[in-house]
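1. Task: produce atomic coordinates for the following.
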Amino acid sequence: MKQMIYFGILLGVIVIGFSSCARLFGGISKNKAAKNIETYLQREYKDELDFKNLNRFFNAATMNPNMFSVHIYNKKIPEIEFYTHINAKNILVNDTLPLYGSEKLTFNDLYKESINIYETKQAIRNDFKSSGLDVNFKIESIELIFKEDLTPQVLDNLIPKFMERLNQSYNELNSLYSQHLLIKTPQYPEGFIEIPLETHTNTWQIKDFLLSKKIQGFPSLQTKIEEKIGTNIREAFPYFKISNYRKIYLDKSSLSKAAWVQYLDDKRIKNDGEGKYQNPQKGLYILYFDLDTRHIYRGEMITDQNDTTSYEEEFNQIKNAIEAEGINAIYQQTN
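-> Residues are numbered from 1 along each chain as shown. Model prediction:
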């Protein structure tokens with residue numbers, strides 16, 4: 001308890017010291033920064049914009065005690081938003097954004113860009129409304145929300161069309177974040193299928209069909225699967241234990257057959273900080289099951305030497321195994 005109290009006091013001292021250091025270097029107060037930004041927004045945009053999450057951004061890279069990070073958003077349409085760094089001391093006389101270097105971007109440049117992104121998303125949403133599909137854009141995912149329960153035929157027809165339309169707006173929507181599609185249905189309103197997207201030559205491409213961990217009843221399914229894997233490996237591979245890393249491939253032709261690819265840690269490997277680090281994730285086991293009935297068919301150890309294989313070798317091992325079981329969930333990669 002005393003340690004927690006000491007830690008809290010120390011953290012408070014660090015925060016106060018950091019703030020004081022910025023002020024010592026001539027930085028304006030956070031209250032003054034907020035007032036300047038508020039005045040600027042009102043002068044330039046009337047009641048159109050507001051801001052939140054204002055924080056000082058003083059570090060060794062910027063060495064500017066007046067730099068603040070801030071989240072700007074449109075009051076009527078909050079989805080029109082952007083995050084930026086502002087010299088809050090000078091914003092009223094110079095709204096060029098310092099951290100964009102030679103681009104010489106202004107505050108209004110970023111605002112116009114955020115409007116363009118919003119309008120692009122709206123256009124994509126409108127294109128698929130007639131298909132009974134709602135599209136919701138998140139930071140790291142694009143939610144495809146089906147209003148009726150999904151069939152393999154509908155999915156197989158719609159996903160290529162959506163990807164073609166999405167890639168028409170690649171330049172507008174591409175960001176620093178990795179992206180995946182998250183498919184939701186009335187049966188699985190929190191998430192059913194996750195489809196990671198990979199970037200190749202300025203286009204997004206589908207990678208795999210994966211069962212989402214957001215499906216209803218996932219914890220009980222996970223417990224059942226892991227108990228079965230534990231039972232299956234106990235005699236032949238007693239030195240393995242289930243790791244926290246797994247992939248669950250879903251057959252896109254049935255939306256029911258699935259392969260639980262479980263990575264296994266070797267308990268004999270002890271990384272205690274002495275000597276060279278060893279990768280304990282040596283086992284690769286697959287359990288085949290049916291999502292609808294929760295029936296487990298069988299399991300197989302793919303390798304007990306996965307720490308020595310390359311990514312490509314591992315990928316091919318998984319692909320060959322699940323396709324031999326009749327599970328079509330991996331797309332061929334193209335460059």
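2. any chance you could map the helices in the stretch 151-300 of the chain?
-> In the stretch 151-300 of the chain, the segments counted as helices under DSSP state H, counting those that start in this stretch are 152-168, 170-173, 218-233.
3. ok, and what's touching the last one?
-> Which is helix 218-233. Here helix 218-233 makes contact (C-beta atoms under 8 Å, 6 or more residues apart in numbering) with 215, 240, 242, 260, 262, 264, 283, 285, 287, 289, 294, 296, 299, 301. C-beta coordinates here come from the backbone N, C-alpha and C atoms, glycine included.
4. at 6 Å instead, please
-> 240, 242, 260, 262, 285, 287, 296, 299 (C-beta atoms under 6 Å, 6 or more residues apart in numbering).
5. To Gly191, which of the helices of the stretch 151-300 of the chain lies closest?
-> helix 218-233 (9.4 Å; C-beta to C-beta).
6. Doesn't Tyr100 lie inside a helix?
-> Yes: Tyr100: assigned to a helix according to DSSP: H, G, I helix; E, B strand; the rest coil.
7. tell me, how many neighbours does it end up with?
-> Tyr100: 14 surrounding residues under other C-beta atoms under 10 Å.
8. And it, how close does it get to Ser212?
-> Taking C-beta to C-beta, to the nearest Å as the measure, Tyr100 falls 37 Å from Ser212.
9. and after the helix or strand of the chain with the lowest mean pLDDT, which helix or strand comes next?
-> Least confident helix or strand of the chain, by mean pLDDT, DSSP states H and E, is helix 2-24 with a mean of 46. As assigned by DSSP states H and E, the chain's next helix or strand after helix 2-24 is helix 30-45.
10. can you pull the contacts of Ile322?
-> Ile322 touches 249, 259, counting by C-beta under 6 Å, 6+ apart.
11. Would you mind giving the secondary structure of the closest residue to Lys184 other than its chain neighbours?
-> Excluding its sequence neighbours, the residue lying closest to Lys184 (C-beta to C-beta, 6 or more residues apart in numbering) is Ile145, at 4.6 Å. Here Ile145 is strand, with the state taken from three-state DSSP.
12. Out of the helices of the stretch 151-300 of the chain, which is closest to His85?
-> helix 170-173 (22.2 Å).
13. list the helices and strands that closest one packs on?
-> Using 3 or more C-beta pairs under 6 Å, 6 or more residues apart in numbering; DSSP states H and E as the contact test, no helix or strand touches helix 170-173.
14. how about it: buried residues?
-> Buried positions in helix 170-173, judged by neighbour count with 16 or more other C-beta atoms under 10 Å: Leu173.
15. and it, what's its mean pLDDT?
-> Taken as a whole, helix 170-173 has an average pLDDT of 94.
16. still on that earlier bit, any chance of the helices of the stretch 151-300 of the chain in a markdown table with distance to Asn279 as columns?
-> Below are the helices of the stretch 151-300 of the chain laid out as a markdown table (distance: least, C-beta to C-beta, whole Å):
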| stretch | distance to Asn279 |
| --- | --- |
| helix 152-168 | 35 |
| helix 170-173 | 36 |
| helix 218-233 | 18 |
